[in-house]
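Asks: Provided below are the primary sequence and the corresponding predicted coordinates.
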Amino acid sequence: MSRIGKNPVEIPDGVTVDISGQIVTAKGKLGELSVTLSDEVEVVIEDKLVRVKPRTDELSARKLWGTTRSILSNLVSGISEGFTRNLEIIGVGYRAQLQGKELILQLGFSHEIRFPVPDGIDIKCPDQTHVSISGCDKQLVGQTASEIRGFRPPEPYKGKGIRYEGEYVFRKEGKKK
């Protein structure tokens, strides 16, 4: 039995969840999200709780049980609170700035990198060395943060590059003379 799947998802005030077939739609103060679920799980709403159950006792249905519950939990919490990923830029001359719907990164290359901000994502640059990515879709926020980090991941010798806030970078010892 799935420990995660058997726990219901609580629906906070101000959020409505609708189920039509295998499509679950959530509406709240931050917008509207919908997800199409597998036919192997059953989703029901009762008393401000969303419950997920496998339709059969097959292995594939039991695998999707906890996954579906986590997806629905992220859907509901994203609509009510939203998700945020913070990035730090470390390195001499490395900086970021926002111009309209483009994030401009200067990361030590001969050219600047222009990253178009995807729809549904809000990017803020409180200063030149910090980038805050927020939105209501957890997968899209994480994917955007990963793409930005991929332009210059942290290197192990000096630690320069773009890293997640609080990320530990294993440092190596340099050459000895």
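Replies: Sure thing, it's come through.
Asks: need the next SSE after the helix ranked longest in the chain, C-terminal direction.
Replies: Longest helix in the chain, counting residues (DSSP state H): helix 59-80. Using DSSP states H and E, the helix or strand that follows helix 59-80 towards the C-terminus is strand 83-90.
Asks: pLDDT averaged over that next one - what is it?
Replies: Taken as a whole, strand 83-90 has an average pLDDT of 96.
Asks: do stretch 11-26 as well
Replies: Mean predicted confidence for stretch 11-26 is 92.
Asks: Would you mind pulling the contact partners of that stretch?
Replies: 27-29, 32-39, 43-45, 48-50, 72, 75-76, 79-80 (Cβ atoms under 8 Å, 6 or more residues apart in numbering). The way it works is simple: take the backbone N, C-alpha and C, and place the C-beta from them, glycine included.
Asks: Apply 6 Å and report the result again.
Replies: 27-29, 33-37, 43, 48, 75-76, 79-80 (Cβ atoms under 6 Å, 6 or more residues apart in numbering).
Asks: From those, keep the buried residues only.
Replies: Gly28, Leu33, Val35, Leu37, Val43, Leu75, Val76, Ile79, Ser80 (16 or more other Cβ atoms under 10 Å).
Asks: Let me know the closest of those to Phe109.
Replies: Nearest to Phe109 out of the buried ones among the contacts of stretch 11-26 is Leu33 (Cβ to Cβ; 35.7 Å).
Asks: Double-check that the closest one belongs to a helix.
Replies: No: counting by DSSP: H, G, I helix; E, B strand; the rest coil, Leu33 is not part of a helix but strand.
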